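Engineer: Predicted model follows, preceded by the sequence.
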Amino acid sequence: MEFDVVIVGAGPAGLSAACRIMQLATEKEQEITVCVVEKGSEVGAHILSGAVLEPRAMDELFPDWKERGAPLSIAVSEDKFFFYTGATSAIKIPNFFIPKPTHNEGNYIVSLGNVCRWLAEQAEGMGVEVYPGFAAAEVLYHEDGCVKGIATGDMGISESGEHKDSYMPGMELHAKYTLFAEGCRGHLGKQLMEKFALDKDSDPQHYGIGIKEIWEIPAEQHQPGLVVHGLGWPLQESGSSGGAFLYHAENQQVYIGFITDLNYSNPHVNPFQEFQRWKHHPETAKYLSGGTRLSYGARALTKGGINSLPRMHFPGGLLIGCDAGTLNSVKIKGNHTAMKSGMLAAETVVEALAAGADAPADLAAFASNMEQSWLHEELYTTRNFSGFMHKFGTLLGAGMVWIDQNIFGGRLPFTLHDRKPDYAVMKPAAECKKIDYPTPDNKLSFDRLSSVFISNTNHEEDQPCHLTLKDDSVPISVNLPQWDEPAQRYCPAGVYEIIEEESGPRFQINGQNCVHCKTCDIKDPSQNIVWVTPEGLGGPNYPNM
Ligand SMILES: Cc1cc2nc3c(=O)[nH]c(=O)nc-3n(C[C@H](O)[C@H](O)[C@H](O)COP(=O)(O)OP(=O)(O)OC[C@H]3O[C@@H](n4cnc5c(N)ncnc54)[C@H](O)[C@@H]3O)c2cc1C
Ligand code: SF4
């Protein structure tokens, strides 16, 4: 199928690009065909975010979003920031000591899944073709190496590679320009980065794994609009970093989540268990006790900022949103920046199509459009966040960030780099302290399998495993003795297990449970695990993450 523009991924970046292209096409009376493919069973099914949304990009894209019924109904009413000093103690940090960009006045607590559903409706209303249930499995190239489009994966292939009765070959979608908006650690984005050496001048990307639950809590404990953030315990016990959030949304729901920075070095760290522990802290438990857990999910996020941002343009396409890494790491907000990158991509593509340039061309104009935008300014002035936190640790690092942001406005005359990829910092297991995680009480804390159950994750069972190993022997022969195979612990869905058998330990992959967070692809210290797209429709089915 031929289109002017094909977009991979119906997240905020991809859908904002689609909407903006159609708006510009109408303004300029240009006819432009746009198609969006999404691997989730519906738009929003694979979307997971906090989320406090900064409405800047939304205001630009749809100044009348309120009248159009955008699901931004809960305005932030209060911000609280804690430093958890231990399992039962915490210090509330006065607002004055919070870095300015993390203040949330004027922002909204949203379900990003629902915002994306709404954006998809707007896009379809303007003529965009949105295809959920189709995973882009392969990048297609012209003979001269320019991107020609994508191929969706075949459906109905058995585990042994044979065609089943349900076999349906994948489709080739050709486009003058293809926008890759797969989100953090995109499977095709990773390949493009390698093919076009997009990251040759940038620092390695840095990541966090975010695990989130939605709870319904008693009315007297619910304060719509309250935003709580925290740092410190329990991660500080293992010398790791990250943070927690608790957002009071609508309908007596709270969105709670926990981000573990993936540059942790102790292989015994289990991000899922750290999150479960944190829920028992009195400052968290006071909101959750008596409540019911409704939903669970996990997703990695990019946090390297502008230092880790690769070149985003290449012949025939662009990498946008968190597929490139546009998240503002001081704010831990990537939705408005992903949207803006999509809008800038749209403006660049429409200009190129109008100029009638021989497509596919390298959309180098994107770089200057980006540089002149508030997106660049925002990412530039927060460029030292990861450097400060990684070099100086949580407390001192946060102090440096405060000085940088509140006194110098992000304009300190130097740039800190962290050139060590997250997978390369793991210490040998024997040198690190084991962590004794408590048994779940099934009231506030739970185990992984019952958690995955409420993520509504499903994969067609008889299909090739989408968690591939470059070398089958590596996890056992290298990872097990060295790092006690950390995949057993960092996977928030319990996909990886070491099974003790008479013949010795065996590495087992329970691929059906995968919630598509991408942590294994990022953190595996031997970089042996490669996440590829499973059949479309597979994966979690999040209601309102
Ligand atoms: C725990 C957590 C909390 C966060 N909190 C906040 C917050 O409070 N505020 C904020 O602004 N930001 C927050 N973020 C960051 C924010 O969610 C991301 O920056 C944002 O979602 C990035 O948007 P995106 O469109 O680039 O990618 P995504 O939102 O990840 O969307 C990508 C879409 O592409 C689809 N896709 C991927 N690969 C393929 C493929 N090959 N074929 C077809 N479809 C594909 C995916 O299924 C998905 O629907 C948070 C992130 C996490 C993980
Ligand atoms: S297998 Fe990998 S991508 Fe899937 S849930 Fe586990 S860590 Fe995440």
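Structural biologist: That came in fine, so what should we check first? Ligands and ions are numbered 1, 2, ... in the order given.

Engineer: any residue of stretch 508-527 up close to ligand 1?
Structural biologist: No: shown here: stretch 508-527 not in contact with ligand 1 (Cβ under 6 Å from any ligand atom), separated by at least 6.8 Å. The C-beta positions use only the backbone N, C-alpha and C, and glycine is treated the same way.

Engineer: Residue 369 should be in a helix, yeah?
Structural biologist: Yes: under DSSP: H, G, I helix; E, B strand; the rest coil, residue 369 sits within a helix.

Engineer: Around the closest residue to it other than its chain neighbours, how many other residues sit close by?
Structural biologist: Among residues not flanking residue 369 along the chain, residue 344 sits closest, at 5.0 Å (Cβ to Cβ, 6 or more residues apart in numbering). The number of residues packed near residue 344 is 27, by other Cβ atoms under 10 Å.

Engineer: now residue 344, what's its secondary structure?
Structural biologist: Reduced to three states by three-state DSSP, residue 344 is helix.

Engineer: Any idea how many residues pack against residue 157?
Structural biologist: Look at residue 157: counted by other Cβ under 10 Å, it has 21 neighbours.

Engineer: Which strand residues bridge it?
Structural biologist: Legend: beta-bridge partners of residue 157 under DSSP bridges are residue 163.

Engineer: Phi first, then psi, for the residue of the stretch 51-200 of the chain found nearest ligand 1.
Structural biologist: Taking Cβ to the nearest ligand atom, ligand 1 has its nearest neighbour within the stretch 51-200 of the chain at residue 183, 2.1 Å off. Main-chain torsions, residue 183, degrees, to the nearest 10: phi 80, psi -170.

Engineer: Am I right that it is in contact with residue 322?
Structural biologist: Yes: Residue 183 is within contact range of residue 322, at 4.7 Å (criterion: Cβ atoms under 8 Å).

Engineer: Tell me, how many residues neighbour the residue of the stretch 51-200 of the chain closest to ligand 1?
Structural biologist: Residues lying near residue 183 (other Cβ under 10 Å) number 27.

Engineer: Ok, residue 224 next?
Structural biologist: By the criterion of other Cβ under 10 Å, residue 224 has 18 neighbours.

Engineer: any weak-confidence spans in the chain?
Structural biologist: Under the criterion of pLDDT under 70, the regions of the chain flagged as low confidence span 357-360.

Engineer: Map the structural domains onto the sequence of it.
Structural biologist: Following automatic domain parsing, the chain resolves into domains at 2-65+113-202+306-381, 447-531.

Engineer: Would you mind listing what in the stretch 51-200 of the chain touches ligand 1?
Structural biologist: Contact residues (Cβ under 6 Å from any ligand atom) of the stretch 51-200 of the chain with ligand 1: 51-53, 112, 135-136, 181-184, 186-188.

Engineer: Can you pull up the most central residue in this structure?
Structural biologist: When Cα atoms, centre = their mean is applied to the chain, the residue found nearest the centroid is residue 301 (3.7 Å).

Engineer: Would you quantify the distance from that residue to residue 459?
Structural biologist: Taking Cβ to Cβ, to the nearest Å as the measure, residue 301 falls 23 Å from residue 459.

Engineer: How about residue 497?
Structural biologist: Residue 497 is 17 Å from residue 459, where distance means Cβ to Cβ.

Engineer: show me the contacts for the residue nearest to the centre of the chain.
Structural biologist: Shown in contact with residue 301 (Cβ atoms under 8 Å, 6 or more residues apart in numbering): 184, 207, 208, 209, 210, 259, 322, 327, 332, 334.

Engineer: How about residue 438?
Structural biologist: Applying Cβ under 8 Å, 6+ apart to residue 438 gives the contacts 277, 280, 445.

Engineer: Let me have those in CSV, adding secondary structure, neighbour count and distance to residue 305 as columns.
Structural biologist: CSV is the format used below for the contacts of residue 438 (DSSP: H, G, I helix; E, B strand; the rest coil; neighbours: other Cβ atoms under 10 Å; distance: Cβ to Cβ, whole Å):
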residue, secondary structure, neighbour count, distance to residue 305
277, helix, 22, 28
280, coil, 18, 32
445, coil, 20, 33
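
Engineer: Now do the contacts for residue 293.
Structural biologist: Residue 293 makes contact with 213, 214, 215, 446, 454 under the criterion Cβ under 8 Å, 6+ apart.

Engineer: Residue 149 reaches residue 171, doesn't it?
Structural biologist: No: the criterion here is Cβ under 8 Å, and residue 149 misses it with residue 171 at 9.8 Å.

Engineer: Would you mind pulling the contact partners of the host helix or strand of residue 401?
Structural biologist: Here residue 401 sits within helix 385-402, counting by DSSP states H and E. Residues outside helix 385-402 that contact it (Cβ under 8 Å, 6+ apart): 83, 97-99, 206, 231-232, 235-236, 239, 241, 261, 263, 303-305, 307-308, 329-330, 384, 404, 415-418.

Engineer: Can you tell me which of those residues end up in strands?
Structural biologist: If you go by DSSP state E, the contacts of helix 385-402 have 83, 231, 232, 261 in strands.

Engineer: Which one of the residues you listed is nearest to residue 141?
Structural biologist: Distance to residue 141, by Cβ to Cβ, is smallest for residue 261 among the ones in strands among the contacts of helix 385-402, at 35.5 Å.

Engineer: Quick check: the closest one vs residue 405, distance?
Structural biologist: Distance, residue 261 to residue 405, by Cβ to Cβ: 19 Å.

Engineer: before we move on, back to that, and of the contacts of residue 293, the nearest to ligand 2?
Structural biologist: Set against ligand 2, the nearest of the contacts of residue 293 by Cβ to the nearest ligand atom is residue 454 (14.5 Å).

Engineer: ok, back up a step: sort out for me which of the contacts of residue 293 are in strands.
Structural biologist: Cross-referencing these against strands under DSSP E gives 213, 214, 215.

Engineer: CSV please, covering those and showing neighbour count.
Structural biologist: Putting these into CSV (neighbours: other Cβ atoms under 10 Å) gives the following:
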residue, neighbour count
213, 24
214, 23
215, 22
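
Engineer: Adding distance to ligand 2 as columns, could you present these in JSON lines?
Structural biologist: Output for the ones in strands among the contacts of residue 293, formatted as JSON lines (distance: Cβ to the nearest ligand atom, whole Å):
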{"residue": "213", "distance to ligand 2": "15"}
{"residue": "214", "distance to ligand 2": "18"}
{"residue": "215", "distance to ligand 2": "21"}
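
Engineer: Of the residues you listed, which is the nearest to residue 64?
Structural biologist: residue 214 (29.1 Å).

Engineer: Tell me how far the closest residue in space to that closest one that isn't next to it in sequence lies from residue 158.
Structural biologist: Nearest residue to residue 214 in three dimensions, chain neighbours excluded: residue 295, at 4.3 Å (Cβ to Cβ, 6+ apart). With distances taken as Cβ to Cβ, residue 295 is found 32 Å from residue 158.

Engineer: For the two, indicate the residue with more neighbours.
Structural biologist: residue 295 (22 against 15).

Engineer: Okay, the more buried one and residue 467: tell me how far apart.
Structural biologist: For residue 295, the distance to residue 467 equals 23 Å [Cβ to Cβ].

Engineer: ok, residue 497 and residue 459, which is more surrounded?
Structural biologist: More crowded of residue 497 and residue 459, by other Cβ under 10 Å: residue 459, with 18 against 15.

Engineer: any idea how far that one is from residue 538?
Structural biologist: For residue 459, the distance to residue 538 (Cβ to Cβ) stands at 4 Å.
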